[in-house]
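[1] have a look at this prediction, sequence included:
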Amino acid sequence: MKLLSKSIKETFGIGEKIAKNLGKGDIVCLFGDLGSGKTVITKGIAAGLGIKKNKVVSPTFVLIRQHRTKNNMPFYHFDLYRLRDCQDVAGLGYEEFFYGGGISIIEWADRLKQFMPQECLKIKLSVKGKTSRLVEISYRGNRGRRLMEDIRENIRH
């Protein structure tokens, strides 16, 4: 699915719509260059889950930040920008987060390489103008496919 966002507000709104479909164990992998909107869409997802958007900041220097959704579910926000070797991912103990009882959002998911989850939603953001972004949503696995179908329905309404 491809969407053209014409503003930061629209990118944020896409995140909010995606959040309506996320639940325990879901993983969202974000791809895109610096400034493409990965943190903006993450803030939208967080807001859609009841987390104040000002609480969500890029965790670049700490790799992961944990929040609680309105349902008290863990929300794990990863930023893998600083990782240079995919073996560094293994050292994070990522399995506890990815396959636990929360929702994981992973910025710079390309750094995962062989650790890329088999079940996930994939979102690629590309700069198309000063505030315009192309948002391409795809998936891996059966749960990812179901999420994609639900998101497609939510975005239409």
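    Great, that's in hand.
[2] alpha carbons only for contacts and neighbour counts from here, please
    Noted.
[3] so in that sheet, which strands flank the strand or helix carrying S104, and in what orientation?
    Element membership of S104 [criterion: DSSP states H and E] is strand 103-107. Sheet pairing for strand 103-107, assigned by DSSP bridges, gives strand 27-31 (parallel), strand 74-79 (parallel).
[4] avg pLDDT for it?
    Averaging pLDDT along strand 103-107 yields 95.
[5] helices and strands of this protein: which one bottoms out on pLDDT?
    Among the helices and strands of the chain, helix 87-91 carries the lowest confidence by mean pLDDT, DSSP states H and E, at a mean of 72.
[6] show me how far the next helix-or-strand element following that one is from its chain's centre.
    Sequence order places helix 94-98 as the next helix or strand after helix 87-91, per DSSP H and E. Mean-position distance between helix 94-98 and its chain equals 15 Å (CA atoms, centre = their mean, to the nearest Å).
[7] ok, stretch 54-64 next?
    That offset, for stretch 54-64, works out to 13 Å (CA atoms, centre = their mean).
[8] which residues are in contact with it?
    39, 42-43, 46, 65, 76-82 (CA atoms under 8 Å, 6 or more residues apart in numbering).
[9] just to revisit the earlier point, list the buried residues in the least confident helix or strand of the chain.
    Burial within helix 87-91, assessed by neighbour count using 16 or more other CA atoms under 10 Å, is assigned to V89.
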